[in-house]
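> need coordinates for the below:
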Amino acid sequence: MAVSLRLLSIGLVAASSLGLASCGAVPIRLGPSAPAPDSSVTEFCSDFTLAGGDASTVGPLELSLPKDQLHDKIRVKLEIMNGLEPPVVIAQVWANYEAYFTRAQLALADQVSGAALHDDDVIQTGLELYPQSRIVRNFYLTNCAAKP
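Alright, predicted model coming up:
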């Protein structure tokens with residue numbers, strides 16, 4: 001008797017589950033739902049793009065450029081980055097590059113016009129930061145770049 005009651009209760013639970021699923025009263029979830037877009041990321045992407053930013057803004061410098069050209073490129077990068085609050089996921093790399101660009105700009109002040117940058121600390125810092133630039137590049141391509 002106990003076995004038949006147990007089978008009966010299992011059968012009722014299964015039948016009621018099928019009945020609810022078939023009538024649409026209970027949504028069926030097959031996997032985790034996609035997270036809603038973060039409005040701060042959307043706002044950042046919009047502001048960054050409007051300022052002229054792209055996947056290469058926070059990234060390496062072409063240090064072999066003559067002083068005036070390199071200074072202009074750094075100035076543009078800093079102007080784009082200035083005043084923007086990056087999302088947490090890229091904030092540290094963003095801050096590292098802002099400091100690097102500022103340091104490179106100061107080092108250029110000591111260079112002769114037309115000469116390339118010859119500051120070993122700036123060159124070494126650029127080499128160390130290069131892998132980090134991929135974090136911002138990938139973030140930009142994933143979240144900010146126009147989708148076809």
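> please enumerate the strands of the protein.
For the chain, applying DSSP state E gives no strands.
> give me the low-pLDDT residue ranges for it?
Residues of the chain meeting the criterion pLDDT under 70: 1-37, 146-148.
> now the helices for it?
Using DSSP state H, the helices of the chain run over 2-23, 39-50, 67-81, 88-108, 120-139.
> run the angle between the last one and helix 39-50 for me.
In this structure, helix 120-139 runs at an angle of 120 degrees to helix 39-50, with axes from the mean of the first three to the mean of the last three CA atoms, to 10 degrees as the basis.
> and helix 120-139, what's buried?
122, 125, 126, 129, 132, 133, 136, 137, 139 (16 or more other CB atoms under 10 Å). For every residue, glycine as well, the C-beta is placed using N, CA and C.
> returning to what we had before: between the helices of the chain, which one is closest to residue 114.
For those, the distance to residue 114 is smallest for helix 67-81, at 6.3 Å, taking CB to CB.
> including distance to residue 59, could the buried residues of helix 120-139 go into TSV?
TSV is the format used below for the buried residues of helix 120-139 (distance: CB to CB, whole Å):
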residue	distance to residue 59
122	15
125	13
126	10
129	9
132	9
133	4
136	7
137	7
139	12
